[in-house]
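Enquirer: Predicted model and sequence follow; I will ask about them next.
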Amino acid sequence: MDLVSAFFLAVILLTASYSVCAQSVADIVAIASSTKYSPPALMLARSYRKGMAVNGYLISEKFDGVRAYWNGHEFLTRSGRVVNTPEWFTAEMPDQKLDGELWSGRSQFSWLSGVIRRSQPDDSDWRNIRYVVFDLPASDAPFYKRFQQMKSLLEKRDHSVLMLAEQTPAESEEQLQIRLQQVTEAGGEGLMLKRADSLYQAGRSDDLLKVKIAEDDEATVIGYVPGEGKYLGLTGALLVRMDDGREFRIGSGLSDAERTAPPLLGSRITFAYNGLTSGGLPRFARFLRIRPEE
């Protein structure tokens, strides 16, 4: 083979190699894109207001964990992000859709949130996590029948991973407040009320109510207020916007570390408050946490 022929052969081989590599990259991008999901359509809670009638509701504990939707083969957060779990953790999961909470016990949210965020799951950490099931999104039955379906579904499965959120009938506001006090004093976050005859419907309604000694809600961080005095040079407060457009500041509840590196603009946060002001803004609002899916 002369030099000219050898040169053109080398060009052809390099071109073919480049095409293969380019195709491989395209395939990787396509595979990566296919792992993105839309936020699941979940049933969301409104806040219980004192004096509301509780007849017809069922009471369960409000688990301080990370909301997780089981789509039949993997867990998704509220924002649609895939939760990376060990294979053994999902081995006993059914192939039907579940709504629930990844939970590691009372007052363990910060630790749990860190575990959930990791791209590589650690077996030893996940041994301390359970999936608390509290609904069947695909069922068209009223909740009291869905609860029976869940009991049958979970009856013979691995109870070291799966746990059913127990439900008891709500009888009176007095009973509700006594139970709330007991759970809160034991380190629990609060209670949930679900209407027994309600259907599973995405969005917020009075069919699902959260009951806490201090109310909480979510907002988006839209700005920062510079600190003064001992917080000079740090973040003094977060400027936030609620989903209904109300804007206000949250200065309480931030640690020194969070004032140094505050939640990013656009982050979703959870805050606690005690009722509303005359202007309709949350009273004594205080920062609790960045939502785990952020």
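Expert: Okay, I see it.
Enquirer: Residue 259 in helix, strand or coil?
Expert: Recorded secondary structure, residue 259: helix (DSSP: H, G, I helix; E, B strand; the rest coil).
Enquirer: Just the element for the most centrally placed residue in the chain, please.
Expert: When CA atoms, centre = their mean is applied to the chain, the residue found nearest the centroid is residue 67 (3.5 Å). Assigned by DSSP states H and E, residue 67 belongs to strand 66-70.
Enquirer: How far does that strand sit from its chain's centre?
Expert: In terms of CA atoms, centre = their mean, to the nearest Å, the centre of strand 66-70 is found 6 Å from the chain centre.
Enquirer: what packs against that strand?
Expert: strand 75-76, strand 98-103, helix 109-117 (3 or more CB pairs under 8 Å, 6 or more residues apart in numbering; DSSP states H and E). All C-beta spots, glycine's among them, are computed from the backbone N, C-alpha and C.
Enquirer: Listing partners with orientation, what would you give for that strand?
Expert: Paired neighbours of strand 66-70 in the sheet (DSSP bridges): strand 75-76 (antiparallel), strand 98-103 (antiparallel).
Enquirer: quick check: mean pLDDT across it?
Expert: What strand 66-70 shows for mean pLDDT is 96.
Enquirer: Using CSV, write out every CA atom in that strand.
Expert: Extracted as CSV, the C-alpha positions of strand 66-70 are listed here (Å, rounded to 0.1, in the frame of the first residue of the first chain):
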residue,chain,number,x,y,z
VAL,A,66,-39.6,12.5,53.1
ARG,A,67,-42.8,12.2,51.0
ALA,A,68,-42.2,9.5,48.4
TYR,A,69,-44.3,8.2,45.6
TRP,A,70,-43.8,4.6,44.5
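Enquirer: ok, and what's touching that strand?
Expert: Under the contact criterion CB atoms under 8 Å, 6 or more residues apart in numbering, strand 66-70 has outside partners 40, 42, 75-78, 83, 93, 97-103, 109, 112-113, 116, 131, 137, 292-293.
Enquirer: where do the strands sit along the stretch 1-150 of the chain?
Expert: 43-47, 57-62, 66-70, 75-76, 82-83, 98-103, 130-135 (DSSP state E, counting those that start in this stretch).
Enquirer: for the stretch 151-294 of the chain, same thing?
Expert: Under DSSP E, counting those that start in this stretch, the stretch 151-294 of the chain gives strands at 162-164, 168-169, 190-195, 203-211, 215-226, 235-241, 247-250, 268-273, 286-290.
Enquirer: mind checking which of these is nearest residue 183?
Expert: Proximity to residue 183, assessed across the strands of the stretch 151-294 of the chain by CB to CB, is greatest for strand 190-195 (6.3 Å).
Enquirer: tilt between the closest one and strand 43-47?
Expert: 110 degrees (axes from the mean of the first three to the mean of the last three CA atoms, to 10 degrees).
Enquirer: Mean confidence (pLDDT) on strand 190-195, please.
Expert: On average, strand 190-195 scores 96.
Enquirer: Restricting the selection to alpha carbons, write that strand to PDB.
Expert: Provided in PDB are the C-alpha atoms of strand 190-195 (Å, rounded to 0.1, in the frame of the first residue of the first chain):
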ATOM      1  CA  GLY A 190     -48.400  16.100  64.600                       C
ATOM      2  CA  LEU A 191     -51.500  14.300  63.200                       C
ATOM      3  CA  MET A 192     -53.200  13.800  59.900                       C
ATOM      4  CA  LEU A 193     -57.000  13.800  59.300                       C
ATOM      5  CA  LYS A 194     -58.300  12.100  56.200                       C
ATOM      6  CA  ARG A 195     -62.000  12.000  55.300                       C
END
